[in-house]
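got a sequence here, can you build the structure:
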Amino acid sequence: MAEPGWHREDIKAALVKRFGPVTALSEAWGWEKSAISRTLRGSRRRRPVELRIAEALGIPPEVLWPDRWPSPEGKRRRPNSVIAQDTSRGRPDSHRQKSEAA
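The predicted structure is shown next:
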């Protein structure tokens, strides 16, 4: 099991100490003002935002978010939601809507 990463409030506090309000920082970086907040809450995880936060803090993304960035190269794991979207995986043909082409 991966070590726990930084708590989102700790990341936010570090950003605020260095750069001021995260809404202003989001806009300064060219994003909508809620981009950083949404990324920290986890409601909208965006790779460029996570990478920019890590770069600004001087901390690798795998340290901040080890569950999403497990390797030192910064390669992101495939989220479970993508795996769950493959609805045909593991189902017998009788449960599929179309088992053969017409």
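
could you use CA atoms for every contact and neighbour count after this?
Fine.

skipping adjacent residues, who's closest to Phe19 in space?
Leu25 (6.7 Å; C-alpha to C-alpha, 6 or more residues apart in numbering).

report pLDDT for the closest residue to Trp6 other than its chain neighbours.
Nearest residue to Trp6, sequence neighbours excluded (C-alpha to C-alpha, 6+ apart): Leu64, at 5.0 Å. As predicted, Leu64 sits at a pLDDT of 92.

hang on, isn't Leu64 packed against Glu55?
No. Using C-alpha atoms under 8 Å, Leu64 is not in contact with Glu55; the gap is 10.9 Å.

looking at the two, which has the bigger crowd around it?
Leu64 (21 against 12; other C-alpha atoms under 10 Å).

check contacts around that one.
Neighbour list for Leu64: 5-6, 11, 54 [criterion: C-alpha atoms under 8 Å, 6 or more residues apart in numbering].

could you rerun that using 10 Å?
By C-alpha atoms under 10 Å, 6 or more residues apart in numbering, the contact list for Leu64 reads 4-8, 10-11, 50, 53-54, 57.
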